[in-house]
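Participant: I'll drop the sequence and a predicted model, then ask my questions.
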Amino acid sequence: MSIQAVVWDVDDTLFDYTTADRRGMRTHLAAEGLLDRYGTAERALLLWREITDLQWARFAAGEATFEEQRRDRVRAFLNQRLTDTEADAWFGRYVAHYEEGWALFPDALPALDTLADSHRHGVLSNSSLHNQDRKLRMLGVRDRFETVLCAAELGVSKPSADAFHAACDALGLPPHEVAYVGDHPEIDGAGAEAAGLFSVWVDRGHRSGDLPAGLRRISSLAELPALLRADTRFGAPSTFG
């Protein structure tokens, strides 16, 4: 049976999160008068990303709510004891700058257009529905997806198989008829593969170090339609590395 549907990650897969985050944080730090505190803007941005990754890991492990990980990101970054209201306000000011840089990757719309008639589409994100539904609407692509599922509402996050199976259930398809496309080799790539989906890792160049072996890797979404047509699980040779 061939692949009937594609379930997508959003941030750094369809949406250029890293660029928007970096530009937004740089503008925010300047507005807050904080650029000099960290020596250079690059050091500040690196610290913000490290703290973000750490707090997202806590959220994914069920150790913090979506709102708590946001507040703790601010507290750790500023190294200050802030009330929830103060942390929310600081994060809200950052978000205003971050949203100014929202954009899809150049290869996102062409890939969605190419696959529009041949595959059904959904979203599975380790974020909240409020965030991602609004983001997809502002980017003009919400109507491309039958379903949008997010960890904050599901109560389970990638790489848990339960998260991927929830997306399959929402589409009414078994895992082996669903492809999952994401930018994170472990959370998206290895997680979807272990859950029985046709896993595709789009390597946006943000990951380094030891990577899981045997992943279907593409460097651009332009490669995805051919990969789905080949469906290398059923004997067709793979040329995608």
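Facilitator: Nice, I can see it.
Participant: May I have the secondary structure class of residue 71?
Facilitator: Of the three states, residue 71 takes helix under DSSP: H, G, I helix; E, B strand; the rest coil.
Participant: Roughly how far does it sit from residue 64?
Facilitator: Separation of residue 71 from residue 64 (CB to CB, to the nearest Å) stands at 9 Å. All C-beta spots, glycine's among them, are computed from the backbone N, C-alpha and C.
Participant: Over to residue 220: give its phi and psi.
Facilitator: Here the main-chain torsion angles of residue 220 (degrees, to the nearest 10) amount to phi -150, psi 150.
Participant: That should have said residue 3, apologies.
Facilitator: Main-chain torsions, residue 3, degrees, to the nearest 10: phi -70, psi 130.
Participant: cool, residue 113 as well?
Facilitator: Dihedral angles (degrees, to the nearest 10) for residue 113: phi -60, psi -40.
Participant: give me the number of residues near it?
Facilitator: When counting by other CB atoms under 10 Å, one arrives at 10 neighbours for residue 113.
Participant: Please identify which of residue 71 and residue 64 sits among more neighbours.
Facilitator: Using other CB under 10 Å, the more surrounded residue of residue 71 and residue 64 is residue 71, with 21 against 17.
Participant: got a list of what the more buried one touches?
Facilitator: 82, 84, 87, 88, 91 (CB atoms under 8 Å, 6 or more residues apart in numbering).
Participant: In the helix or strand hosting the last one, which residues are buried?
Facilitator: To tie it back to what came earlier, the one meant is residue 91. Secondary structure here is read from DSSP states H and E; on that basis residue 91 sits in helix 84-99. Of the residues in helix 84-99, those scored as buried under the neighbour-count criterion (16 or more other CB atoms under 10 Å) are 87, 90, 91, 94, 97, 98.
Participant: Nearest to residue 225 among these?
Facilitator: Proximity of these to residue 225 was ranked by CB to CB; the top entry is residue 98 with 31.1 Å.
Participant: Now for the closest one: which residues touch it?
Facilitator: With contacts defined as CB under 8 Å, 6+ apart, residue 98 is in contact with 20, 21, 23, 24, 25, 28.
Participant: any idea how far residue 218 is from it?
Facilitator: Relative to residue 218, residue 98 is positioned 27 Å away (criterion: CB to CB).
Participant: go on, residue 12?
Facilitator: Looking at residue 12 against residue 218, where the rule is CB to CB, the gap reads 14 Å.
Participant: rewinding a little: pick the one among the contacts of residue 98 closest to residue 213.
Facilitator: Ranking the contacts of residue 98 by separation from residue 213, with CB to CB as the measure, puts residue 21 on top at 29.3 Å.
Participant: what's the neighbour count on that closest one?
Facilitator: Other residues within reach of residue 21, judged by other CB under 10 Å, total 20.
Participant: Find the helix or strand that it is a member of.
Facilitator: Element membership for residue 21, per DSSP H and E: helix 17-32.
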